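**Student:** Give me a model of this one.
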Amino acid sequence: AAPYSTWHSANQAHLTRALQMVRRRLVAQAATRQGDSPSDPSGDPPELPPPSSEPLLEGDIPGQSAFSLDLLCRSFGLNAFEQSVLLLCAGMELEGHWPELCQAASGQPHPTFGLALSLFPEATWASLTPSAALRRWQLVEVGGGNTLINSPLRIDERILHYLTGIQYVDQRLQVLMSPVYGCGWLVPSHQQLIDTIEQTWRRPLPQGLLPVIQLIGTDSSTLKSVAVAACRQMGLSLQALTVEALPTDWQQLRQLQTLCEREYSLSGTALLLNCETTGSGTQDRQSTISSFIDQVNLPLIVTSISRRRQHQRTLISLEVSSPTTTEQRELWHQGLADAGVSVSPAQLTTLVSQFNLNPGDIQTICQQSPATNESQDLQPEALWNLCRTQARPRLDELAQRIKARASWDSLVLPEKEQGILQALSAHVAQRARVYEDWGFGGKNGRGLGISALFAGASGTGKTTAAEVISRDLNLDLYRIDLSAVVSKYIGETE
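**Tutor:** Residues are numbered from 1 along each chain as shown. Predicted coordinates:
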């Protein structure tokens, strides 16, 4: 039988054994200073059984077959002396008699670089510099003091908990970041993008730099879903950081960069930088964004509506389009089938031709369908109204929705104009047949919308005519203020 039943207990024993080695050096040095034989104030520590060579039990932390101390030293390239300094600082938090040992060994009740230099034979002065791993990655903190070697040392709290086997995102990052979740539904065209991202990250650039992935698209939900799926496929978690959270102070930006890179090494956390609303940012803000993208070295995905210009760092741009009509139809078919709802192929064709929804929207509607359906066959109008409701939030941000109350009887028009309006409504209602069944939509992907210009003086029934068509087609009607959506510079030329 294995001496330890879980990875956590074996990891704790491994850490305790490493601390015992440092403790023995402290006891020996204290005895040398006092001219006595070595004596541990806490008594002889219990001997621990050797670590088990048997495989870990299922349910332990995924991917952690090695112990935390070994993983940390490997991730940050710690040499033997730097590992010993880290353990010397960890003992202060984990061992009750550690301050007494430090006091007896050095005359100060806390770890210092001076104590470490005298304690460990493998000591190197280069490990004390700000560019060395201990301070470069902020594994230990140097307190206030008159000299570097006599200043108190303290292990970083995130690193301390990591050594004990506890994982969490650094608290300094938690206030700036949030976990990213995708809808979970993917289509073949998006899976191709995910595979491209994985292949790109599997081939790092010279000096070990990872290429930055830029996902371009207008649907934020789809961009996030692709990013989450790509990270999950590589065994990474994903945290989102908005550009507004990036500090413009260069020292603070460097601190944030270090913490992000350190978190990637500790927990496999990739970063999603949301640049979808930075078109009109200040020059300082744009400079901060570019600097962060160029310098941070971890799996980084940038989402934006338009392509960002590449500066120093390689930027791989991928356009994320909406699912094709075939993919949307397949999502509808599978989602409604899983919900136990039966819909005819003709209904699905009509929905796909009218509503260009992303996988998340379709998933939401399919989950709502059973709640609105008393029988297995869902009424076409109920499903149609769910689609209308799901599509509203994106339009409500840009325009004012109008409740269509007018009917054909409300119009008082000559027979010719009345016929034109009815023909217009028929064109919209039958466009699925023209574009899909007759194949005209596949010949040219442009100009597939149907536009009409209602001209006339105020009060002649333009808005009423729009309401009639909206009600006849069972579609939402919106009033758009051009001054709110047209560019200032374009507007000045009209």
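
**Student:** where in the stretch 301-450 of the chain is pLDDT low?
**Tutor:** 370-379, 393-398, 432, 436-448 (pLDDT under 70).

**Student:** Do a quick rundown of the strands in it.
**Tutor:** 315-319, 400-402 (DSSP state E, counting those that start in this stretch).

**Student:** do you know which of these lies nearest residue 468?
**Tutor:** strand 400-402 (12.0 Å; C-beta to C-beta). No exception for glycine: its C-beta is placed from N, CA and C like everyone else's.

**Student:** name the helices or strands packed onto that closest one?
**Tutor:** In terms of contacts (3 or more C-beta pairs under 8 Å, 6 or more residues apart in numbering; DSSP states H and E), strand 400-402 is packed against helix 462-473, strand 477-479.

**Student:** Partner strands of the shortest one, with direction?
**Tutor:** Spelled out, that is strand 477-479. strand 400-402 (antiparallel) (DSSP bridges).

**Student:** Please enumerate residues in contact with the partner strand?
**Tutor:** 392, 395, 463, 467, 470, 476-481 (C-beta atoms under 8 Å, 6 or more residues apart in numbering).

**Student:** can we see that at 6 Å?
**Tutor:** Contact with strand 400-402 is made by 476-479, as judged by C-beta atoms under 6 Å, 6 or more residues apart in numbering.

**Student:** Any of the residues you listed buried? List them.
**Tutor:** 476-477 (16 or more other C-beta atoms under 10 Å).

**Student:** rewinding a little: generate a markdown table for the strands of the stretch 301-450 of the chain, with mean neighbour count and distance to residue 156 as supplementary columns.
**Tutor:** Formatted as a markdown table, the strands of the stretch 301-450 of the chain follow (neighbours: other C-beta atoms under 10 Å; distance: least, C-beta to C-beta, whole Å):
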| stretch | mean neighbour count | distance to residue 156 |
| --- | --- | --- |
| strand 315-319 | 15 | 32 |
| strand 400-402 | 13 | 52 |
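
**Student:** separation between the nearest residue to residue 181 once chain neighbours are set aside and residue 273?
**Tutor:** Of all residues not flanking residue 181 in the chain, residue 228 sits nearest, at 6.5 Å (C-beta to C-beta, 6 or more residues apart in numbering). In this structure, residue 228 and residue 273 are 14 Å apart, going by C-beta to C-beta, to the nearest Å.

**Student:** other SSEs contacting the strand or helix carrying residue 91?
**Tutor:** Residue 91 belongs to helix 80-94 when elements are defined using DSSP states H and E. Counting contacts by 3 or more C-beta pairs under 6 Å, 6 or more residues apart in numbering; DSSP states H and E, helix 80-94 packs against helix 7-34, strand 153-155.

**Student:** where's residue 268 relative to residue 13, distance?
**Tutor:** 25 Å.

**Student:** The residue nearest to residue 181 reaches residue 184, doesn't it?
**Tutor:** No. Residue 228 is beyond contact range of residue 184, at 8.7 Å (criterion: C-beta atoms under 6 Å).

**Student:** Mind checking which of the two has more residues around it?
**Tutor:** A direct count of neighbours by other C-beta atoms under 10 Å for residue 228 and residue 184 places residue 228 higher, at 24 against 12.

**Student:** So the more buried one, which state does it fall into?
**Tutor:** helix (DSSP: H, G, I helix; E, B strand; the rest coil).

**Student:** which ones are touching the residue nearest to residue 181?
**Tutor:** Contacts of residue 228 by C-beta under 6 Å, 6+ apart are 180, 182, 238.

**Student:** Serialize those residues to TSV and add fields for pLDDT, neighbour count and distance to residue 136.
**Tutor:** Below are the contacts of residue 228 laid out as TSV (pLDDT from 0 to 100; neighbours: other C-beta atoms under 10 Å; distance: C-beta to C-beta, whole Å):
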residue	pLDDT	neighbour count	distance to residue 136
180	93	21	28
182	79	21	34
238	96	22	25
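
**Student:** Looking at those, which are in strands?
**Tutor:** residue 238 (DSSP state E).

**Student:** Now flag whichever of the contacts of residue 228 is closest to residue 96.
**Tutor:** Nearest to residue 96 among the contacts of residue 228, with distances taken as C-beta to C-beta, is residue 238, at 39.8 Å.
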